[in-house]
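could you work out the structure for the sequence below:
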Amino acid sequence: MATEFDSKKWGATLAIPFSKSNVTTGASNEDLGLLGAGTLFVAPAAGSIIGITAYCAAITAGTITLTPHKASTEVATTGVPQPVLSSTQDTNGTYATVRPGAITFAAGDTLGISATSTTTLDPTNTLDVDAFLFIQLNP
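Predicted structure coming up:
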């Protein structure tokens with residue numbers, strides 16, 4: 001994981017905060033929000049998505065999978081960082097990373113995080129998720 005965040009080698013790293021209140025059971029690609037009312041971060045320069053970290057309250061059953069997206073379309077590239085919140089990775093948090101250059105974006109692209117949950121998610125319809133999208137700007 002350490003090499004993905006080497007700014008001298010790859011460029012500046014930004015961590016963009018997202019959150020979603022009351023994730024519902026059976027949610028399908030629901031966008032997490034930024035501070036305020038929006039769900040999309042506008043990239044100030046070209047770069048790469050390199051990871052997601054996430055945290056939520058205690059989960060007793062089911063999972064929440066987080067996926068990065070560009071313009072509200074989930075990234076489907078092999079190796080996309082998709083951390084999963086579960087009964088073992090909830091209050092302790094979870095993360096997933098990918099090497100710089102694997103998932104690229106252009107200046108002006110809109111980026112975000114989507115949540116998909118299982119129909120067995122418990123507690124039901126009350127879990128709040130906090131996540132950070134890590135991007136690296138091209139040097």
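
please name the residues that touch Thr53.
Going by Cβ atoms under 8 Å, 6 or more residues apart in numbering, Thr53 touches Pro83, Gly93, Thr94, Tyr95, Ala131, Phe132, Phe134. In short, each C-beta sits where N, CA and C put it, glycine included.

am I right that the fourth one is in a helix?
It refers to Tyr95. No - per DSSP: H, G, I helix; E, B strand; the rest coil, Tyr95 lies outside any helix segment and is strand.

per-residue pLDDT, it?
Looking at Tyr95, its pLDDT is 97.

quick one, phi/psi of the residue nearest to it when sequence neighbours are not counted?
Nearest residue to Tyr95, sequence neighbours excluded (Cβ to Cβ, 6 or more residues apart in numbering): Thr53, at 4.2 Å. Backbone torsions of Thr53, given as degrees, to the nearest 10, read phi -120, psi 150.

how close does Thr53 sit to Gly26?
As judged by Cβ to Cβ, to the nearest Å, Thr53 and Gly26 stand 24 Å apart.

then Thr77?
Thr77 sits at a distance of 25 Å from Gly26 (criterion: Cβ to Cβ).

with Thr91 instead?
Going from Thr91 to Gly26 by Cβ to Cβ gives 23 Å.

check Gly112 too.
For Gly112, the distance to Gly26 - Cβ to Cβ - is 20 Å.

okay, these two: which has more neighbours?
Gly112 (23 against 12; other Cβ atoms under 10 Å).

secondary structure class for the more buried one?
Recorded secondary structure, Gly112: strand (three-state DSSP).

immediately after the helix or strand of the chain with the lowest mean pLDDT, which helix or strand?
Of all helical and strand segments in the chain, the minimum by mean pLDDT, DSSP states H and E falls on helix 7-10, at a mean of 71. On the C-terminal side of helix 7-10, the closest following helix or strand by DSSP states H and E is strand 13-23.

how far does that next one sit from the chain's center?
7 Å (Cα atoms, centre = their mean, to the nearest Å).

residues making contact with that strand?
Contacts for strand 13-23 (Cβ under 8 Å, 6+ apart): 5, 7, 30-35, 39, 41, 50, 56, 64, 111-113, 115, 117, 121, 125-137.
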